[in-house]
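Q: based on what follows, work out the 3D shape:
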Amino acid sequence: MPHTILVVEDDHLNMKLMRSILALGHYQILEAGEAETGLELAARHHPDLILMDIQLPGLDGLSATRRLKQTPELANIPVIALTGLAMDGDRENALAAGCDDYISKPINTRTFLASISERLAPVEASPAPPAAEPSTTVTGPGRSKILVVDDDPMNVKLISAILSKDDYAIVTAYGGEEALRRTRAENPDLILLDVMMPVMDGYQVTREVKGDPATAGIPIIMVTALNGTEDKVRGLESGADEFLTKPVNRAELLARVKSMLRLKQYRDQLMLRTCSEQAFAHPATPAPISKAASHRQKVLLVEDNAKDLRLLSGQLAEQPYDVVVAADGEAALQHALAGGIDLLLLDIFLPGIDGFDVCQQLKASAETRDIQVVLITCLNDLDGKIKGMELGADDYLIKPVDGRELTARIKALLAKKSYLDQLHSHYEQALSSAISDGLTGLYNHAYFKKFLGLELKRSLRQNYPTSLLMLDLDNFKSLNDRFGHPAGDRVLQDMARIIKDGIREVDLAARYGGEEFAVVLPYADTDGAMIVAERILEAVRAYRPEGDLAGRVEGITVSIGLATCPADNDQADNLIKTADRLLYKAKASGKNCIAAVEHQHRLQAV
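A: Model prediction:
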């Protein structure tokens, strides 16, 4: 009789993958989409092993494992934890909860069965009965929604299986007209779109999506078997943001998807901040968002080969942007750090510092990370392409580069850079407007509340989490009393800088009042917000004032309350009250620490 394995997994595509692999090992399979059902099946059937997803709706996998191990008749069943997050400490947490082993997603199909068999006593194998098709599950909060469009169901299944392992919510369509209906109904964060489809092809779908103001901001990646330059140029000119060629490589697909989702977040935040500002100035006026740059953009061409330099320079002649050149990586970094560069065309093989190192240094610096980087090489090397994207490169081209494709890709990336610049610009403009705090340069109390209300509505509509940090300087009154209000003001200004340095471009920092600050973290759940809070907490601990306060003011700390929508509350005023209540809990716990609803055990007083 074959071993029986219980799989507790809420993602139906992950479940289907594991079912297929386990069937190869001739295992009997039990399936549950959530922990409570899994515990019932375990008690009823006493499986030989349990594969337990950590992230489950309702009761999570680790809590279910603890309950299982506390039940005498079930305690000896081996449990292997499964997770797609693979965060630091996950393995230790899983083992501490009673799990016997730990496997990270995406599952390595070559070693998965071996890991299973190690936990099972050998028995005579027999074929497992046919498994039933899984039912569709509801997608969890916080997942980016991706629409996969292809008239071939096998291609849809293949791409969906790849993406589901990275915890994306998948919506499917099998033709152009259905894709348009799905786009309007589902409002996806990204569309993966086949080109060659009957009735309405991908080019026409792209023009329709980009021509509708309600959907124009959704990035589109065209995925097709067509590999000609003419097809790529036509796709990019129709409004597509990216172009991938079948057969799709998993690593390249995931890298492109992550890049496009970041672009979507920037676009959404730009629109939201513009709407917030318009509400203060001209409430009835719609917020204008433009792809056009406010200045003549500049492209830096980095190439040490004279022939390639002449060819690329000729292709970029008479374009609506300036082109400057550099012959090596060191010169490229100097140009970029001097400012004014919007995009780099960067040869990989350069004397001294190569293109990969240049890209890595640019993307690691706050001053240059928004510069768009296109790596160019003579090698059609997939590993090099993936390495470049992992380092943060925005695109990758193979020599000889077709001039039309080059200019089309540059046009798309310069539009992306314009969005990033507008995000910066909106913040800079706020410094001298009625929505900013005059002392710290952060947004003020009124603007923060308006923004938070809009952000929470959008996060609930699009099903992603938003977290709120409320921060208060500890013992600030005694600092003011001892050194005077001018010294206190300087410390507040430094705190504002520390907070800004510790958050992303899409986050919003505000002075809530007095020595209290607020930070809105779109797309961040409690765990992600805790990381940001810990970073700010450590930066404040390390802070030492300069000037006449140097050596006189030490030990400045901050207490932080953390609340998340929708987990803790989904109304702006109530979320503020929750975070404020937790802030004072942190104060009562000794100050210099963080308090959050789901992390009371992580209070960090020192």
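
Q: give me every residue that touches the residue nearest in space to the middle of the chain.
A: The centroid of the chain falls nearest to R262 when counting by CA atoms, centre = their mean (6.2 Å). Not one residue lies near R262 by CB atoms under 8 Å, 6 or more residues apart in numbering. Where you see a C-beta, it was placed from the backbone N, CA and C, and this is true even at glycine.

Q: check T557 too.
A: L473, D474, N475, L537, V540, R541, K591, N592.

Q: would you mind measuring from E534 to V540?
A: Per CB to CB, to the nearest Å, E534 is found 11 Å from V540.

Q: ok, these two, which is more surrounded?
A: Per other CB atoms under 10 Å, whichever of E534 and V540 has more neighbours is V540, with 21 against 15.

Q: per-domain residue ranges of this structure.
A: The record's domain parsing of the chain by automatic domain parsing lists 4-118, 145-264, 298-420, 431-602.

Q: so who does D570 touch?
A: So D570 contacts L456, L460 (CB under 8 Å, 6+ apart).

Q: which intervals of the stretch 151-300 of the chain have sub-threshold pLDDT?
A: 165-166, 226-229, 266-267, 269-294 (pLDDT under 70).

Q: the strands in the stretch 351-500 of the chain, which residues?
A: 372-377, 395-398, 466-473 (DSSP state E, counting those that start in this stretch).

Q: direction included, what does the longest one pair up with?
A: With DSSP bridges as the test, strand 466-473 is paired with strand 516-522 (antiparallel), strand 558-565 (antiparallel).

Q: and what of the first one?
A: For strand 372-377, the paired strands and their directions (DSSP bridges) read strand 343-347 (parallel), strand 395-398 (parallel).

Q: which one of these has the lowest average pLDDT?
A: For those, the weakest mean pLDDT is recorded on strand 395-398, namely a mean of 83.

Q: could I get the buried residue list for that one?
A: Under the neighbour-count criterion of 16 or more other CB atoms under 10 Å, strand 395-398 has D395, Y396, L397 buried.

Q: same deal with stretch 251-268?
A: 252-257, 259-268.

Q: still on that earlier bit, with distance to A64 added, can I get the strands paired with strand 372-377 in TSV?
A: Listed next are the strands paired with strand 372-377 as TSV, based on distance: least, CB to CB, whole Å:
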stretch	distance to A64
strand 343-347	49
strand 395-398	43
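
Q: can you list contacts of stretch 172-186?
A: For stretch 172-186, the external contacting residues (CB under 8 Å, 6+ apart) are 145, 147-151, 153, 156, 160, 171, 188, 191, 193, 197-202, 204-205, 208-209, 212, 214-215, 218.

Q: among the residues you listed, which are in strands?
A: K145, L147, V148, V149, V171, I191, L193 (DSSP state E).

Q: pull out the buried members of these.
A: K145, L147, V148, V149, V171, I191, L193.

Q: just those residues now: which is nearest N480?
A: K145 (48.6 Å; CB to CB).

Q: so the closest one versus Q462, what's the distance?
A: K145 is 8 Å from Q462, by CB to CB.

Q: which neighbours do those two share?
A: Common neighbours of K145 and Q462 (CB under 8 Å, 6+ apart) are N187, D189.

Q: packing partners of the host helix or strand of G38?
A: G38 belongs to helix 35-45 when assigned by DSSP states H and E. Contact analysis of helix 35-45 by 3 or more CB pairs under 8 Å, 6 or more residues apart in numbering; DSSP states H and E lists strand 4-8, strand 28-32, strand 49-53, helix 61-69 as its packing neighbours.

Q: got the buried residues for it?
A: A35, E36, G38, L39, L41, A42.

Q: isn't S104 up against A94?
A: No - applying CB atoms under 8 Å, one finds S104 not in contact with A94, separated by 10.5 Å.

Q: the more surrounded of those two?
A: Shown here are S104 and A94; by other CB under 10 Å, A94 has more neighbours (24 against 14).

Q: my read is that one is in a helix, agree?
A: Yes - A94: assigned to a helix according to DSSP: H, G, I helix; E, B strand; the rest coil.

Q: what about the nearest residue to K591 once chain neighbours are set aside, how many neighbours?
A: The spatially closest residue to K591, leaving aside those adjacent along the chain, is D474, at 4.3 Å (CB to CB, 6 or more residues apart in numbering). By the measure other CB under 10 Å, the count of residues near D474 is 19.

Q: which ones are touching D474?
A: I556, T557, V558, S559, K587, K591, N592.

Q: got these as CSV, with pLDDT, distance to L311 and secondary structure columns?
A: What follows is these, written out as CSV (pLDDT from 0 to 100; distance: CB to CB, whole Å; DSSP: H, G, I helix; E, B strand; the rest coil):
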residue, pLDDT, distance to L311, secondary structure
I556, 89, 57, coil
T557, 93, 58, coil
V558, 96, 55, strand
S559, 96, 60, strand
K587, 93, 64, helix
K591, 94, 63, coil
N592, 94, 60, coil
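
Q: about what we covered before: the contacts of stretch 172-186 in helices, which ones?
A: P153, V156, S160, G202, Q204, V205, E208, V209 (DSSP state H).

Q: and those residues, which is closest to K411?
A: V209 (17.8 Å).

Q: for that closest one, what are its contacts?
A: By CB under 8 Å, 6+ apart, V209 lies in contact with L180, T183, I191, T215, A216, I218, I220, G239.

Q: one more pass at 7 Å, please.
A: V209 makes contact with T183, I191, T215, I218, I220 under the criterion CB atoms under 7 Å, 6 or more residues apart in numbering.

Q: same check, this time on L49
A: H3, I5, I77, P78, I80, I116, R119, L120 are the contacts of L49 under CB under 7 Å, 6+ apart.

Q: before we move on, what about I556?
A: I556 neighbours (CB under 7 Å, 6+ apart): L473, V491, V540, Y543.

Q: shouldn't E31 be in contact with M15?
A: Yes - the pair E31 and M15 passes the contact test of CB atoms under 7 Å, sitting 6.1 Å apart.

Q: ok, those two, which is more surrounded?
A: M15 (24 against 21).

Q: nearest spatial neighbour of G33, chain-adjacent residues omitted?
A: D10 (5.1 Å).

Q: er, A32 actually
A: Leaving aside its sequence neighbours, A32 sits nearest to G38 (CB to CB, 6+ apart; 3.8 Å).

Q: against E31, how distant is the one you found?
A: The gap separating G38 from E31 is 9 Å, by CB to CB.

Q: before we move on, the earlier item: wait, which of the contacts of L49 is closest to K577?
A: I80 (41.5 Å).

Q: one step back: narrow the contacts of T557 to those that are buried.
A: Buried among those (16+ other CB under 10 Å): L473, D474, L537, V540, K591, N592.

Q: coming back round to it: out of the strands paired with strand 466-473, which is closest to L469?
A: Here strand 516-522 is closest among those (CB to CB), at 4.2 Å.

Q: got a list of contacts for the closest one?
A: Contacts for strand 516-522 (CB under 7 Å, 6+ apart): 269, 448, 451-452, 455, 459, 466-472, 495, 499, 503, 506-512, 529, 532.

Q: re the thing from before, ok, so of the ones in helices among the contacts of stretch 172-186, who is nearest Q422?
A: Nearest member of the ones in helices among the contacts of stretch 172-186 to Q422, counting by CB to CB, is V209, at 21.6 Å.
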